[in-house]
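Visitor: Output the structure for:
(2 chains)
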Amino acid sequence: MQIYVNDETRDITSDMLGVALDELGYGKTRIATAVDGTFVPASLRADHRLHEGARLEILAPMQGG
Amino acid sequence: MKFYGKSLSSPLMLGTAQYDSPAILSASVEAAQPGLVTVSLRRESAGLQAGQAFWSLVRDMGVPVLPNTAGCHGVREAVTTAQMAREVFDTDWVKLEVIGQGDLLQPDVFGLVEAARILTEDGFKVFPYTTEDLVVAERLLRAGCEVLMPWGAPIGSGRGLNNLFGLRALRAHFPEVPMVVDAGIGKPSHAVAAFELGYDAILINTAVAKAGDPVAMARAFRLACEVGQLAHLSDPIDERDMAVPSTPTLGRAMLDA
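Guide: A predicted model of the protein is given here:
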């Protein structure tokens, strides 16, 4: 299945967000996720089903003012 | 001064962006001894994992963090970013930015009030980046904000306190509300002026990060906060138009011929 991860096209085998994040290499890193512009808390990732063409945003700590 | 019931060790809030290296950032934080540092969220690459390295650096500083919603131009975007920041940084404090005008990075005060209401109802402790407008301030307080963060001048401009009258009026109108001058402060003298006006804290970033010697400037701002607070507590004299002799005139010798 093809989705967009931070605007880049990626192929994933699992359509469940929790598994897909492992597959994409994020493992247990400190990140937050949103799918199609809606926040998906870490506690709900395992049960969140992705659809073909879903837009997944993966954000992490960064410098800020 | 307490912000949402919590005292900070210093009234200096320091941004973590734009430093030439992580080492300079760390040294600047050590020199500034800020009460908190501001942080943000950006897209993470699974390969680079720059965010994880930055988080490790911040954690080692041992300073509370205030995540921001910098760069958000809409209510939904700001709210979602705040939700994501709460999870990543494990805090319900958020510096809420909803930008309405790109050239001046001026807050969209209508969107700001709306986003503030949504977030406070969701349990966030909102620090709204706003203008010095009294009506907007009133709406933000009604929306559940317990802190106000008016701009001194446009972000990164270093112009200082552009509207002294407006900042003084805002301070006078809401004497019990904790207030932070955010944005535009370029020099330690601007910081002193903010405290002399009665503001409780300042938030700076570019003024330190882009100084020729960021570490020395961080220390200068730490001292400026101390000077400004002490000056305010010492109750400065009122300005007046005409001169008043400071040396007593009583008993003055009459020596002219």
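Visitor: Tell me which stretches of the chain form helices.
Guide: In the absence of a named chain, chain A is used. Along chain A, the segments classed as helices by DSSP state H run A:17-23.
Visitor: hmm, I had chain B in mind actually
Guide: Listed in chain order, the helices of chain B (DSSP H) span B:22-32, B:50-61, B:75-89, B:109-121, B:134-142, B:164-173, B:188-196, B:206-209, B:214-233.
Visitor: I'd like to know which of those helices lies nearest to chain A.
Guide: Proximity to chain A, assessed across those by C-beta to the nearest C-beta, is greatest for helix B:50-61 (2.5 Å). C-beta coordinates here come from the backbone N, C-alpha and C atoms, glycine included.
Visitor: Which residue is the nearest non-sequential neighbour of B:H190?
Guide: With sequence-adjacent residues excluded and distances taken as C-beta to C-beta, 6 or more residues apart in numbering or on different chains, B:H190 is closest to B:G160, at 3.8 Å.
Visitor: Of the helices of chain B, which stretch is the most buried?
Guide: Each of those was scored by mean neighbour count; the highest is helix B:206-209, a mean of 24, by mean count of other C-beta atoms under 10 Å in any protein chain shown.
Visitor: quick revisit: would a markdown table of the helices of chain B with mean pLDDT and distance to A:I12 be doable?
Guide: Putting the helices of chain B into a markdown table (pLDDT from 0 to 100; distance: least, C-beta to C-beta, whole Å) gives the following:
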| stretch | mean pLDDT | distance to A:I12 |
| --- | --- | --- |
| helix B:22-32 | 97 | 33 |
| helix B:50-61 | 92 | 21 |
| helix B:75-89 | 97 | 21 |
| helix B:109-121 | 98 | 32 |
| helix B:134-142 | 98 | 42 |
| helix B:164-173 | 97 | 51 |
| helix B:188-196 | 98 | 50 |
| helix B:206-209 | 98 | 38 |
| helix B:214-233 | 98 | 43 |
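Visitor: Among those helices, single out whichever gets nearest to B:A253.
Guide: helix B:214-233 (36.3 Å; C-beta to C-beta).
Visitor: right, quick check: the closest one against chain A, any contact?
Guide: No - Helix B:214-233 stays out of contact with chain A when judged by C-beta under 8 Å from any C-beta of the partner chain, the minimum separation being 13.4 Å.
Visitor: residues in contact with the residue nearest to B:H190?
Guide: B:152-153, B:184-187, B:189-190, B:193 (C-beta atoms under 8 Å, 6 or more residues apart in numbering or on different chains).
Visitor: Just name the closest of the residues you listed to A:T9, please.
Guide: Closest approach to A:T9 among the contacts of B:G160 (C-beta to C-beta): B:G184, at 41.1 Å.
Visitor: which ones are touching the closest one?
Guide: B:151-155, B:157-162, B:190.
Visitor: and if you look at B:P107?
Guide: With C-beta under 8 Å, 6+ apart, B:P107 has these contacts: B:97-100, B:128-131, B:151.
Visitor: Check it and give its pLDDT.
Guide: The predicted local confidence for B:P107 comes out at a pLDDT of 96.
Visitor: Residues in a beta bridge with it, which ones?
Guide: B:I99 (DSSP bridges).
Visitor: and the strand of greatest length in chain A, how far from the chain's centre?
Guide: If you go by DSSP state E, chain A has its longest strand at strand A:55-63. Chain-centre distance of strand A:55-63: 9 Å, with C-alpha atoms, centre = their mean, to the nearest Å.
Visitor: what lines up beside it in the sheet?
Guide: Strand A:55-63 has these partner strands in its sheet, going by DSSP bridges: strand A:2-5 (parallel), strand A:32-35 (antiparallel), strand B:36-43 (antiparallel).
Visitor: how close does the most centrally placed residue in chain A get to B:A153?
Guide: The geometric centre of chain A, computed from its C-alpha atoms, lies nearest to A:L56 (C-alpha atoms, centre = their mean), at 4.6 Å. Taking C-beta to C-beta, to the nearest Å as the criterion, A:L56 is separated from B:A153 by 38 Å.
Visitor: what's the answer for B:A53, then?
Guide: To B:A153, B:A53 is 33 Å away according to C-beta to C-beta.
Visitor: ok, now B:V109?
Guide: Taking C-beta to C-beta as the criterion, B:V109 is separated from B:A153 by 17 Å.
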